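In: next comes the sequence, and after it the predicted model I'd like to discuss.
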Amino acid sequence: MNEMNTDSLVSIRNLTKKFRKKTALDNISLDLPKGRIIGLLGPNGSGKTTLIKLMNGLLVPTRGQIVIAGNFPGVETKACVSYLPERSYLPDNIRVSQLLSYFTDFYEDFDRQKALSMLDSLKISIDSPLKTLSKGTKEKVQLIMVMSRRASLYILDEPIAGVDPAARDYILKTIIQDYNEEATILLSTHLIADIETILDDVIFIRDGHVTLTSSVEDIRTNYNKSVDAYFREVFAC
């Protein structure tokens, strides 16, 4: 097995995940450095969400290992990883104020004042039940909770899927503003053109294999293409 890179926030080595006869991830190795916004890019079904769930300890590897800030996924990493899942896990019958209380109680690094400030800027009342909010507004509320933590690693799974362009703009602005420059953001999406401007690095993944790791600057310099254009070329059917 390869040695872990001690300079990386996340080191993934020889990681394989199988579901019965299907191999979702096949012997992948990656290092995620500190202080970068990284796009995890691939078609639907490529293995992005499986990798994210493994990093969050929601699945167990078939083989290989993940180390985040010196620890395997578990209680220790939950204290430094802020995770936005692809689908909302928030019950509709609670109010925004209750959600604030839950995050304050569960996470020592949660900045309640920052969350309140962002909610106020969107004119979202903390007395609002989630069930009365539009899909786009719910997405914003959940992202505000996630990005109001002072985490080392933010993992965002399809944060802009299914919301309108105005909501996307706000979400991207929220992702890049006021986050710790020493922290890393791993952002999974297939909507590359919408998020390309905020990315430092990209990981291309297809059929459970990592096909490319690169800085955005290198792709533009070496191929004279945007990340979106190069992705479309690489993954053309």
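Out: That came through, no problem. Numbering: from 1, shown residues only.
In: export the helix or strand of the chain with the lowest mean pLDDT as CSV, just CAs?
Out: Of all the helices and strands that make up the chain, the one with the lowest confidence by mean pLDDT, DSSP states H and E is helix 165-176; it has a mean of 77. Output for helix 165-176, consisting of C-alpha atoms alone and laid out as CSV, is shown next (Å, rounded to 0.1, in the frame of the first residue of the first chain):
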residue,chain,number,x,y,z
PRO,A,165,-30.2,30.3,-11.4
ALA,A,166,-30.7,33.0,-8.7
ALA,A,167,-30.4,30.4,-6.0
ARG,A,168,-27.3,28.9,-7.6
ASP,A,169,-25.7,32.3,-7.6
TYR,A,170,-26.4,32.8,-3.9
ILE,A,171,-25.2,29.2,-3.1
LEU,A,172,-21.9,29.7,-4.9
LYS,A,173,-21.4,33.1,-3.3
THR,A,174,-22.0,31.5,0.1
ILE,A,175,-19.5,28.7,-0.6
ILE,A,176,-16.7,31.1,-1.3
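In: list the buried residues in that helix.
Out: For helix 165-176, the neighbour count (16 or more other CB atoms under 10 Å) marks 167, 168, 170, 171, 172, 174, 175 as buried. Placement of C-beta: from N, CA and C, glycine included.
In: cool, and stretch 115-133?
Out: Going by neighbour count (16+ other CB under 10 Å), the buried part of stretch 115-133 is 115, 116, 118, 119, 124, 126, 130, 133.
In: need the phi and psi values for the closest residue to the last one other than its chain neighbours.
Out: Nearest-residue entry for residue 133: residue 141, 6.8 Å, with adjacent residues in sequence omitted and distances by CB to CB, 6 or more residues apart in numbering. With angles defined as degrees, to the nearest 10, residue 141 shows backbone torsions of phi -60, psi -50.
In: thanks a lot, catch you later.
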